[in-house]
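Novice: please work out how this folds:
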Amino acid sequence: MERKKTVSLCMIVKNEEKYLERCLKSVKELVDEMIIVDTGSTDRTVEIAKKMGATVKYYQWDNNFSNARNFSLQYASKEWVLLMDGDDEFNKEHYDKFIQLVNTSTKDGHFFKTLSYAGERPGKDIVSNLNLRLLRNNKKYQFVGAIHEQLTCVNGKMDYNYFSTEDIEIFHYGYLNDVAAEKNKRERNISIIEEELKKDPHNRFHLFNLGNEYFALGDQRKALELFDKVYRNLDFNAGYSSKLVIRRIMCFDELREYREALRAIEEGLKAYPGFTDLELIRGHIYLKNRQYTLAMDSFKKCIELGPAPIQLEFLDGCGTYRPYQALGEIYFQMEDYQKAFECFENVLRINPYLQSPVYRIGKILNILYENKRYVSFRLSQYFNLEYVPNLLLVAGVLISEGLYDIAMGYLEKAREMDKSDSQVNFLIGINLFYQKKSAEAVKMFIKLPEKSSEYRESLKYIFMYSLMHDLNNIETVLNKIKQSSDDFLYRIYLQLYNVFSGKEEVILLEEDDHDKILQITLAILAELLKIQEFDLFEKLLNVLNFINSNKVLLELGKLYYNNGFKQMAVNEILRSIKELNAIDPAGVEILYKEI
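Specialist: Numbers count the residues shown, from 1 in each chain. So this is what the prediction gives:
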């Protein structure tokens, strides 16, 4: 589609080298000029912007996003202004919608959907918000507010009849855990909001945004306190009100105050009857409380309701794939594999990019069919096997089901298609390791590029191999771990080696994140159980005595349960309750099933 109107891209950036090039590439063909305002980058941000053909301007940062945003607008010379952040990416599937919009719109501005990835990696947790992204360059508007800036009319009152909401998507990576932590986004935002509240202590919008920051930091009690201040006498027509309603409910949920959460959901659905997201949360609360019939009713209602209106939608997929996935898990636990299979197929039909339903489908097929070649055949029907990532996904599912010989066929085909793909060679090594061909596996691992993430992950298996078969090489392996990662990970492996050697020296530091240490350690122990190296497992198990976390016995119980040692799991979870006063819904569920 031909674009007939001109567009300026306006951005304010600081230290965005990680995502900036991807961002600019995603919009380059949609705009006629790129105005990048840098507010003090110390990395390669400016270099990347200039390389991509942007005009770079400089602004002395004054803790005010609106001032910087308005500074960028004064350089825009085209008919429309596209507003982006350096860690955004325009959804290429919506190019034509965008071009048609700028060609035909009679409005002054348009709000697009921002799909913000949260958590550890893109694709898992997605939060939807509406943000002003397209503004007619008629000089009638400017931004106000130091943070979470709002548009205002320069001469007169804002009339939102001149604005509309469009189903056009922008992906946002800035709130992934590593990115947010790297930029200290939460602390920066809290500081700015608190300064704004000193000027206007009862500003409900600022209180709401401050609550969001504490929620993201994991302080749900503080977040709830702030949300409650705003919720009293809430105007349900305010632009942020639906977000406040669901965030407040999520606080109750996280704090396990389920009765209050259910009451708040009822109130929310009275104000917003089509808010499917609230019904989905209600279903999950019922599920946590083992009210399975009520949970299933809620998930089925989500499917009937469909997606919430774009102005309300908060969590991606609440009226589509998420309820099918939840129903599939319930049917799977009930051993109604046919219904579970249908649900997971629906998930894949709606969102073919998800991998978790593929693993569930593989497990169900493996349970239902004795002929494992048929399992492989049925699984492969979902994919184009001339595409390496699809071959690796099928192989990964088969490996998880212990069908190593069949998985190797897919891996060999992938290697024929791309001999240099480090992920292919890494998975071949993993497959060999699980087949107890660990020497061959190590030969695959050491060929991996040392700077690759696959090589860093393979060191875990090389470490285990050295403890089992090649102690003379253990110092070399530990040095490789130290060189390829940080001291934190090195300390974990050194502590494991000390435990293996019978040494009592404490290597881990008090200030280390011991919950993360527990997670990494249990992942290693799980691999030893998988390959039935029970003697080494028992030796390394003593490392748990060096981990300062009240979750140690609880997580060990889950590890036993996931590997089929049910009575041992029950024993550890009961010890966890008695000795450490630690339990969670997953632990409760195990006890409920097994006692």
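
Novice: name the residues that touch the top strand by length along the chain?
Specialist: If you go by DSSP state E, the chain has its longest strand at strand 125-136. Here strand 125-136 makes contact (Cβ atoms under 8 Å, 6 or more residues apart in numbering) with 73, 79-84, 98, 101-102, 105, 107-119, 141, 151, 163, 165-166, 168, 170, 175, 243, 310-311, 313-317. (Glycine included, C-beta is placed from N, CA and C.)

Novice: direction included, what does the host helix or strand of residue 34 pair against?
Specialist: In the assignment (DSSP states H and E), residue 34 maps to strand 33-38. Counting by DSSP bridges, the strands paired with strand 33-38 are strand 7-13 (parallel), strand 55-58 (parallel).

Novice: return the distance of the helix or strand just after it from the chain's centre.
Specialist: Next along the chain after strand 33-38, taking DSSP H and E as the criterion, comes helix 45-51. Chain-centre distance of helix 45-51: 28 Å, with Cα atoms, centre = their mean, to the nearest Å.

Novice: about what we covered before: tell me the helix or strand right after the longest strand of the chain.
Specialist: strand 141-144.

Novice: need the CA coordinates for that next one. PDB is fine.
Specialist: Below are the C-alpha coordinates for strand 141-144, written out as PDB (Å, rounded to 0.1, in the frame of the first residue of the first chain):
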ATOM      1  CA  TYR A 141      -1.000  20.000  21.400                       C
ATOM      2  CA  GLN A 142       1.800  19.500  23.900                       C
ATOM      3  CA  PHE A 143       2.700  17.100  26.700                       C
ATOM      4  CA  VAL A 144       2.400  17.800  30.400                       C
END
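
Novice: just checking: what are the partner strands of the helix or strand just after it?
Specialist: Next in sequence after strand 141-144, counting helices and strands by DSSP H and E, comes strand 150-153. The strands beside strand 150-153 in its sheet (DSSP bridges) come out as strand 141-144 (antiparallel).

Novice: what does the partner strand contact?
Specialist: 65-66, 69-70, 73, 108-109, 135, 149-154.

Novice: helices of the stretch 151-300 of the chain, residue ranges please.
Specialist: Assigned by DSSP state H, counting those that start in this stretch, the stretch 151-300 of the chain shows helices spanning 177-182, 185-199, 204-216, 220-231, 241-254, 258-271, 276-288, 292-305.

Novice: of those, which approaches residue 329 most closely?
Specialist: helix 276-288 (8.5 Å; Cβ to Cβ).

Novice: now that closest one: average pLDDT?
Specialist: Mean pLDDT, helix 276-288: 97.

Novice: over to stretch 218-237?
Specialist: Confidence over stretch 218-237 (mean pLDDT, whole number) is 95.

Novice: give me the element residue 519 is part of.
Specialist: Residue 519 belongs to helix 514-530, assigned by DSSP H and E.

Novice: where's residue 394 relative to residue 59, distance?
Specialist: 50 Å (Cβ to Cβ, to the nearest Å).

Novice: no, scratch that, I was asking about residue 398
Specialist: 54 Å.

Novice: next: residue 376.
Specialist: Residue 376 is 58 Å from residue 59, by Cβ to Cβ.

Novice: and the two? Which one has more around it.
Specialist: residue 376 (23 against 17; other Cβ atoms under 10 Å).

Novice: just the pLDDT for that one.
Specialist: Turning to residue 376, the model gives it a pLDDT of 97.

Novice: that one reaches residue 395, doesn't it?
Specialist: No. Residue 376 is not in contact with residue 395 according to Cβ atoms under 8 Å; the separation is 9.8 Å.

Novice: so what sits against both of those two?
Specialist: Taking Cβ under 8 Å, 6+ apart as the criterion, residue 376 and residue 395 do not both touch any residue.

Novice: who's in contact with residue 533?
Specialist: Here residue 533 is in contact with 464, 468 (Cβ under 8 Å, 6+ apart).

Novice: stretch 26-39: end-to-end distance?
Specialist: Across stretch 26-39, the terminal residues are separated by 22 Å (Cα to Cα, to the nearest Å).

Novice: okay if I get the helices of the stretch 151-300 of the chain as TSV plus mean neighbour count?
Specialist: Below are those laid out as TSV (neighbours: other Cβ atoms under 10 Å):
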stretch	mean neighbour count
helix 177-182	14
helix 185-199	15
helix 204-216	22
helix 220-231	19
helix 241-254	22
helix 258-271	16
helix 276-288	24
helix 292-305	18
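
Novice: which of those helices sits closest to residue 430?
Specialist: Nearest of the helices of the stretch 151-300 of the chain to residue 430, taken as Cβ to Cβ: helix 177-182 at 24.2 Å.

Novice: any idea of the mean pLDDT for that closest one?
Specialist: pLDDT averaged over helix 177-182 gives 52.

Novice: cool, stretch 500-516 as well?
Specialist: Here the average pLDDT along stretch 500-516 is 95.

Novice: can you give me the end-to-end span of that stretch?
Specialist: Where stretch 500-516 begins and where it ends lie 20 Å apart, using Cα to Cα.

Novice: ok, back up a step: chain center to the helix holding residue 519: distance?
Specialist: 21 Å.

Novice: same question for stretch 509-528.
Specialist: The answer for stretch 509-528 is 21 Å, by Cα atoms, centre = their mean.

Novice: ok, and what's touching it?
Specialist: Against stretch 509-528 from outside (Cβ under 8 Å, 6+ apart): 460-461, 463-464, 488-489, 491-492, 496, 508, 534, 536-537, 540-541, 543-544, 547-549, 551-552, 555-556, 559, 562-563.

Novice: how far away is residue 304 from residue 344?
Specialist: Distance from residue 304 to residue 344, by Cβ to Cβ: 20 Å.

Novice: same question for residue 254.
Specialist: The value you get for residue 254 to residue 344, if Cβ to Cβ is used, is 27 Å.

Novice: helices of the stretch 351-500 of the chain, start to end?
Specialist: Going by DSSP H, counting those that start in this stretch, the stretch 351-500 of the chain shows helices at 356-368, 372-380, 388-400, 404-417, 422-434, 438-445, 453-469, 474-484, 487-500.

Novice: please work out which of those is packed deepest.
Specialist: helix 422-434 (a mean of 23; mean count of other Cβ atoms under 10 Å).

Novice: so what angle separates the directions of that one and helix 453-469?
Specialist: 20 degrees (axes from the mean of the first three to the mean of the last three Cα atoms, to 10 degrees).

Novice: tell me what helix 422-434 is packed against?
Specialist: helix 388-400, helix 404-417, helix 438-445, helix 453-469 (3 or more Cβ pairs under 8 Å, 6 or more residues apart in numbering; DSSP states H and E).

Novice: so which of those helices gets nearest residue 266?
Specialist: So among the helices and strands packed on helix 422-434, helix 388-400 is nearest, using Cβ to Cβ, at 40.4 Å.

Novice: in this structure residue 286 contacts residue 294, no?
Specialist: Yes. The pair residue 286 / residue 294 is scored as a contact, 4.2 Å apart, by Cβ under 8 Å.

Novice: isn't residue 462 right next to residue 476, touching?
Specialist: No. Look at residue 462 against residue 476 with Cβ under 8 Å: they stay out of range, at 9.4 Å.

Novice: mind listing what residue 193 touches?
Specialist: Under the criterion of Cβ under 8 Å, 6+ apart, the neighbours of residue 193 are 147, 206, 209, 210, 213.

Novice: distance check, the closest residue to it other than its chain neighbours against residue 286.
Specialist: By the measure of Cβ to Cβ, 6 or more residues apart in numbering, the closest residue to residue 193 outside its immediate chain neighbours is residue 210, 4.7 Å from it. From residue 210 across to residue 286, the span is 31 Å (Cβ to Cβ).

Novice: show me where pLDDT drops low in the stretch 101-250 of the chain?
Specialist: 119-125, 175-183 (pLDDT under 70).

Novice: thank you, goodbye.
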